[in-house]
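Engineer: Give me a model of this one.
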Amino acid sequence: MQVALLTLFPEAVEPYLGASILAQAQQKGRVGVRAIDIRDFTRDRHRTVDDRPYGGGPGMVLKPEPVSDCIEWLEREHGPYHKVLLTPDGVPFRQAKAHALAGIERLLLLCGRYEGFDERLREAYAWDEVSLGDFVLSGGELPALCVLEAVVRLVPGVLGHEESAVRESFEQGQLDHPHYTRPPTWRGRSVPDVLKSGDHSAIERWRAGEARRRTQARRPDLVSE
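Structural biologist: Numbering: from 1, shown residues only. All right, here's what the predicted structure looks like:
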């Protein structure tokens, strides 16, 4: 998988791209990620990326030309990309979408800023518009990193143990079961005896039951779905 992350602040995302799972995925050759500065595709000496909105109002709007020039340069060089726009009015991002994106060869993530994009940019391309939730951030960099990590960890060969991506919250339509490690007792709280029993069938039943209980208590909306 090849990923292009379009942003006005590559310096904000590059440290995270070079750490943990995303770094390992690139080192293994499973994923290639580039943070591309939209300002490199501006057309004036001031590297202008935004302007005042028509009709008045607060804030600034991102101009369409630098973004479109960047996209078209990428596609001339590498071929078509599946384009993802991080926006508050997109479809809520879910694990099923992460699975769908994990099978794509070339992925483009566009990070917004200010009051958003000129609407004509949205109209000019086929976008997969996604949102992390009903809240607003100053830019799309953090949502893009969240989406990217959720997707990359599902790419075969990225995680050390392939089962890690299967036995998790949302993979079976419910939350994950509780986890415990050493010491066996901590501040008067003990690890459940069944987890120390060595009875794998009993352990699996306990985990399944705890996952159902936790989901019903914390996310009943998942049960209703």
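Engineer: Run through the residues that contact Arg34.
Structural biologist: Neighbouring residues of Arg34 by C-beta atoms under 8 Å, 6 or more residues apart in numbering: 2-5. In short, each C-beta sits where N, CA and C put it, glycine included.
Engineer: Which of the residues you listed has the largest number of neighbours?
Structural biologist: When neighbours are taken as other C-beta atoms under 10 Å, the top entry among the contacts of Arg34 is Val3 (26 neighbours).
Engineer: circling back to that earlier point, among the contacts of Arg34, name the ones in strands.
Structural biologist: With strands defined by DSSP state E, the entries of these inside them are 2-5.
Engineer: Go through the contacts of Arg34 and name the one nearest Glu115.
Structural biologist: Compare each of the contacts of Arg34 with Glu115 using C-beta to C-beta and the shortest gap goes to Leu5, at 21.0 Å.
Engineer: pretty sure the closest one is touching Ala35, no?
Structural biologist: Yes. The pair Leu5 / Ala35 is scored as a contact, 4.9 Å apart, by C-beta atoms under 8 Å.
Engineer: can you give me the strands in the protein?
Structural biologist: So, for the chain - with DSSP E - the strands run 2-7, 32-37, 50-51, 61-62, 82-92, 106-111, 127-131, 185-186, 189-190.
Engineer: Relative to Pro15, which of the ones you listed is closest?
Structural biologist: Minimum separation from Pro15 across the strands of the chain (C-beta to C-beta) falls at strand 32-37, 10.3 Å.
Engineer: Mutual contacts of Leu5 and Ala35, please.
Structural biologist: Contacts common to Leu5 and Ala35, judged by C-beta under 8 Å, 6+ apart, are 13, 17.
Engineer: Walk me through the domains of the protein.
Structural biologist: The chain is divided into the following domains under automatic domain parsing: 2-152, 171-224.
Engineer: just those: most buried one?
Structural biologist: Neighbour counts averaged per stretch over the domains of the chain are highest for domain 2-152, at a mean of 16; criterion: mean count of other C-beta atoms under 10 Å.
Engineer: and that one, how far out from the chain's middle?
Structural biologist: Averaged C-alpha coordinates place domain 2-152 at 11 Å from its chain's average position (C-alpha atoms, centre = their mean, to the nearest Å).
Engineer: hey, which helix is longest across this protein?
Structural biologist: helix 200-218 (DSSP state H).
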